[in-house]
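Undergrad: Based on what follows, work out the 3D shape:
(2 chains)
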Amino acid sequence: GAVVSQHPSWVICKSGTSVKIECRSLDFQATTMFWYRQFPKQSLMLMATSNEGSKATYEQGVEKDKFLINHASLTLSTLTVTSAHPEDSSFYICSAMEADTQYFGPGTRLTVL
Amino acid sequence: QKEVEQDPGPLSVPEGAIVSLNCTYSNSAFQYFMWYRQYSRKGPELLMYTYSSGNKEDGRFTAQVDKSSKYISLFIRDSQPSDSATYLCAMSAAGNKLTFGGGTRVLVKP
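TA: Now for the predicted structure:
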């Protein structure tokens, strides 16, 4: 149980385009999901907390207009990187809460050319 | 000073040895403690979850929490090459937002 999926697993895009990443809880409902980014050989950095049916809460320093988060259902949250630039290239990971525990997705590697 | 400190390693051990990992923290409000394993280019996988102080065992894994010392540990017995990964400690105060350690890279040599 407690499986979280992400799609796509990797994506390459041109600078200036937008990219959408999906996060799904497959066998449970998640009122709360989280989005992280991770640079090579570093730990996870929380970007935002996504609550179903309400606006996401962004961490300090994260641009909410650049990283759009939508949590329209109890099993799906999406992260859209708008007008992506090479510095947005990173590993993006979502997690979903079940009880008191976060279960993580497999991650999405974004490369912006 | 970081809220959660974790030695980055790498920690290299021979196959069959006990792997000992630990984290220290400064926030006394933390009550939920977790250990995740992360393979390269993959998402973290939950290994152990502990609420408050005490020990917990699951197969080859033992987690210990000492809240009085603000110190948590993970022990891996009979280590295998497949245990080679980065191990992340994580903790939270209210069971939601996690604060991670920097991760310890472990290499188990056959």
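
Undergrad: Identify the residues contacting the most centrally placed residue in chain A.
TA: In chain A, the centroid-proximal residue (C-alpha atoms, centre = their mean) is residue A:35; its distance is 3.8 Å. Neighbouring residues of residue A:35 by C-beta atoms under 8 Å, 6 or more residues apart in numbering or on different chains: A:23, A:46, A:47, A:48, A:50, A:67, A:69, A:77, A:79, A:92, A:93, A:94. All C-beta atoms are positioned from the backbone trio N, CA, C, and that covers glycine.

Undergrad: Then residue A:23?
TA: Contacts of residue A:23 (C-beta under 8 Å, 6+ apart): A:4, A:5, A:6, A:33, A:35, A:76, A:77, A:78, A:79, A:94, A:96, A:105.

Undergrad: gap between it and residue A:75?
TA: For residue A:23, the distance to residue A:75 equals 9 Å [C-beta to C-beta, to the nearest Å].

Undergrad: How about residue B:33?
TA: For residue B:33, the distance to residue A:75 - C-beta to C-beta - is 27 Å.

Undergrad: Pull out the buried positions in stretch A:55-68.
TA: For stretch A:55-68, the neighbour count (16 or more other C-beta atoms under 10 Å in any protein chain shown) marks A:56, A:58, A:62, A:67, A:68 as buried.

Undergrad: from the chain's centre, how far out does it sit?
TA: Centroid separation between stretch A:55-68 and its chain, computed with C-alpha atoms, centre = their mean, to the nearest Å, is 11 Å.

Undergrad: Does it reach chain B?
TA: No. Stretch A:55-68 lies out of reach of chain B by C-beta under 8 Å from any C-beta of the partner chain, never closer than 9.3 Å.

Undergrad: who are the neighbours in contact with residue A:67?
TA: A:35, A:47, A:48, A:58, A:79, A:80, A:81, A:82.

Undergrad: just checking, the fourth one touches residue A:66?
TA: Read it as residue A:58. No. Look at residue A:58 against residue A:66 with C-beta atoms under 8 Å: they stay out of range, at 10.1 Å.

Undergrad: Tell me the predicted confidence for the residue sitting furthest away from the middle of chain B.
TA: Largest separation from the mean C-alpha position in chain B: residue B:110, at 22.2 Å (C-alpha atoms, centre = their mean). At residue B:110, the predicted lDDT confidence score is 95.

Undergrad: correct me, but it touches residue B:15?
TA: Yes. With contacts counted by C-beta under 8 Å, residue B:110 reaches residue B:15, the gap being 5.1 Å.

Undergrad: okay, and the common contacts of the two?
TA: Common contacts of residue B:110 and residue B:15 (C-beta under 8 Å, 6+ apart): residue B:81.

Undergrad: Please identify which of residue B:33 and residue A:75 sits among more neighbours.
TA: Neighbour totals were compared for residue B:33 and residue A:75, and residue B:33 leads with 25 against 19 (other C-beta atoms under 10 Å in any protein chain shown).

Undergrad: for chain A, longest strand please?
TA: In terms of residue count, the longest strand belonging to chain A (DSSP state E) is strand A:90-98.
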